[in-house]
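A.B. asks: 3D model of this:
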Amino acid sequence: MDRHIIKGVVWSGIERFSVQIIQFVVSIILARILSPSDFGTVAIILVFINILQVFNETGFSNALIYKLDRDELDFSTIFFFNILWGLILYVILYFSAPLISIFFKIYELKVYTRILGLNILITSFVVVQRTKLYISVDFKTQAKASLISILVSGIISIYLAYRGTGAMAIIIQYLINNSINTISLWIYTKWKPKIQFSFKRFQILFNYAYKLIFARFINAIFQEIYSITIGKFYTPSQLGYFNRAKSFVGISSNNIINIVQRVSTPLLCEAQENNKNMENLLLGFIQKTAFIVYPLLSAVFVLAEPLIKVFITDKWLPAVWILKVLCPVGMMFLISTFNLNIFNATGKTNWALKSEVIKKSINILIIIIAIFVNFKALIYSQLLIAIIELFIDLVFTKKQIGLKVISQLNNIKDIFLGSFTMALFVKILINFISNDIIKLLLGISSGVIFYVLISYLFNIASFKTIANDTIKKMRHN
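C.D. replies: All right, here's what the predicted structure looks like:
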């Protein structure tokens with residue numbers, strides 16, 4: 001990777017990890033104060049907000065990134081459209097709130113949805129600013145804004161939780177976080193829209209964006225479909241357990257994936273005229289990310305129970321087995337995420353829509369069958385769905401840039417084997433220990449040492465080569 005990529009990844013990492021570590025600490029404190037049903041209630045609202053945000057954030061942002069000859073007229077056009085569209089989406093959510101409350105049979109959802117839904121309108125004011133920062137791979141500025149907003153909102157939410165506000169503590173945190181972040185980005189980016197709008201430019205960007213928006217919309221629905229299904233057919237507490245399990249996977253893997261993925265999107269778009277360059281970039285991003293994420297997910301799998309007990313207490317133990325199921329799902333999610341970026345780079349958004357329709361048609365059938373079995377079958381169905389989606393994503397990448405499916409799997413084979421071996425070693429080691437804190441500390445430390453050792457000995461992901469080159473440079477300096 002060149003210095004441009006490395007700098008982007010480093011600042012993207014600082015931005016995401018500083019935020020997520022603070023958020024993780026806040027969520028642990030909140031989990032100790034609030035009940036699983038409080039988290040489950042908020043998770044239901046976030047389902048609808050996350051789905052609607054796809055319309056206001058994904059498509060036109062990617063359209064601007066893809067359009068290499070973009071100018072101020074393009075940015076201003078999308079800025080004003082996003083505000084109008086954000087207002088429309090909020091109005092839709094506002095009047096849908098009573099129906100959501102009736103559907104899930106939770107009276108408080110009506111008010112909660114209308115309050116938390118304001119985030120849709122707030123974030124619509126900053127879509128262009130974020131896009132400009134993505135294009136310039138400037139995650140340093142985003143890090144400043146995110147850190148300030150998460151610190152302030154986290155402190156306030158903990159205070160409100162102690163005062164007994166329940167789910168409102170989480171809702172207020174989201175609102176304050178997004179509000180401060182939006183204001184900060186306006187101050188830091190110093191970009192101001194010009195009072196102009198071009199229907200012609202909008203049509204050009206819309207022709208790229210609309211298929212991608214619908215593809216991501218379908219994907220967003222199915223990312224949230226488990227929360228919808230659990231919220232409807234089971235209890236808020238069970239949704240709370242599922243939500244907490246997802247948060248552990250998020251802090252250990254999804255955030256790392258998103259860090260690198262955000263950097264990969266504009267760089268893959270820059271290489272849109274050369275399939276070989278895109279292929280090399282894709283394989284490099286996947287391998288380097290998997291080298292970190294796969295051992296982390298493997299460690300979370302074997303240390304799931306002490307992780308839950310130590311951090312959020314025994315009342316969350318029903319989340320342990322869910323967390324274990326989500327770990328291999330996260331491994332497959334990593335590959336799929338980077339492959340989806342190829343649609344952005346090639347501009348074949350019609351293929352993106354086609355792939356999502358195929359995948360989700362299969363998924364619906366699997367989920368319906370699982371619902372009629374039981375809650376466990378529903379959670380385990382994610383494994384089957386992840387395998388199917390991975391295969392389809394790899395096939396579509398081959399169709400676009402000629403990268404073979406087997407080449408992608410061989411690219412991470414050694415990393416997977418190394419992570420599996422490390423997890424087996426940690427599992428055997430902690431079986432002789434009863435104290436959960438010691439299990440956790442010994443499992444993490446021994447796992448890191450073991451994985452670094454075998455990575456060096458077998459040169460997994462060129463680790464030995466990189467380590468030796470780094471040592472030589474340090475000696476020179």
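A.B. asks: Please make it C-alpha for all contacts and neighbour counts, starting now.
C.D. replies: OK.
A.B. asks: For the stretch 51-200 of the chain, which residues score under the pLDDT cut-off?
C.D. replies: For the stretch 51-200 of the chain, the stretches with pLDDT under 70 are 56-59, 137-138.
A.B. asks: if we go to 80?
C.D. replies: 54-69, 133-143 (pLDDT under 80).
A.B. asks: what ranges do the helices span in it?
C.D. replies: 72-104, 109-116, 118-124, 127-135, 139-162, 167-189, 199-233 (DSSP state H, counting those that start in this stretch).
A.B. asks: Now the residue nearest to residue 313 when sequence neighbours are not counted: which helix or strand?
C.D. replies: What sits nearest to residue 313 in space, not counting adjacent residues and going by C-alpha to C-alpha, 6 or more residues apart in numbering, is residue 32, at 7.1 Å. Assigned by DSSP states H and E, residue 32 falls within helix 3-33.
A.B. asks: again with residue 397
C.D. replies: Residue-wise, residue 397 maps onto helix 375-401 under DSSP H and E.
A.B. asks: so how many other residues sit close to residue 307?
C.D. replies: For residue 307, the count of nearby residues is 20 (other C-alpha atoms under 10 Å).
A.B. asks: just residue 308 next, same as before
C.D. replies: Neighbours of residue 308 (other C-alpha under 10 Å): 23.
A.B. asks: give the contact list for residue 111.
C.D. replies: residue 97 (C-alpha atoms under 8 Å, 6 or more residues apart in numbering).
A.B. asks: Quick one: the helices in the stretch 201-350 of the chain, in order.
C.D. replies: Using DSSP H, counting those that start in this stretch, the helices assigned to the stretch 201-350 of the chain run over residues 236-249, 255-270, 275-302, 304-312, 320-346, 349-371.
A.B. asks: Summarise which helices and strands the helix holding residue 397 is packed against.
C.D. replies: Applying 3 or more C-alpha pairs under 8 Å, 6 or more residues apart in numbering; DSSP states H and E, we find helix 375-401 packed against helix 199-233, helix 275-302, helix 320-346, helix 349-371, helix 405-430.
A.B. asks: What's the mean pLDDT across that helix?
C.D. replies: The average pLDDT for helix 375-401 rounds to 90.
A.B. asks: Could you do stretch 230-243 as well?
C.D. replies: Computed over stretch 230-243, the average pLDDT equals 86.
A.B. asks: so how far is that stretch from its chain's centroid?
C.D. replies: 20 Å (C-alpha atoms, centre = their mean, to the nearest Å).
A.B. asks: that older thread, next, format the helices and strands packed on helix 375-401 as a markdown table and append mean neighbour count and distance to residue 146.
C.D. replies: Listed next are the helices and strands packed on helix 375-401 as a markdown table, based on neighbours: other C-alpha atoms under 10 Å; distance: least, C-alpha to C-alpha, whole Å:
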| stretch | mean neighbour count | distance to residue 146 |
| --- | --- | --- |
| helix 199-233 | 19 | 23 |
| helix 275-302 | 21 | 23 |
| helix 320-346 | 21 | 23 |
| helix 349-371 | 17 | 30 |
| helix 405-430 | 17 | 32 |
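A.B. asks: Lowest average pLDDT across those helices?
C.D. replies: Looking at the helices and strands packed on helix 375-401, the weakest mean confidence is helix 199-233, a mean of 78.
A.B. asks: still on that earlier bit, give me the distance between the residue nearest to residue 313 and residue 160.
C.D. replies: Taking C-alpha to C-alpha, to the nearest Å as the measure, residue 32 falls 14 Å from residue 160.
A.B. asks: Residue 365 too?
C.D. replies: Distance, residue 365 to residue 160, using C-alpha to C-alpha: 42 Å.
A.B. asks: Now residue 370. Nearest residue, chain neighbours left out?
C.D. replies: residue 378 (4.8 Å).
A.B. asks: one step back: just send the helices and strands packed on helix 375-401 back as TSV, with distance to residue 107 too.
C.D. replies: Shown next, in TSV, are the helices and strands packed on helix 375-401 (distance: least, C-alpha to C-alpha, whole Å):
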stretch	distance to residue 107
helix 199-233	14
helix 275-302	36
helix 320-346	28
helix 349-371	24
helix 405-430	45
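A.B. asks: Between the ones you listed, which one is closest to residue 390.
C.D. replies: Nearest to residue 390, of all the helices and strands packed on helix 375-401, is helix 320-346, at 5.5 Å by C-alpha to C-alpha.
A.B. asks: Fine by me, we can end here.
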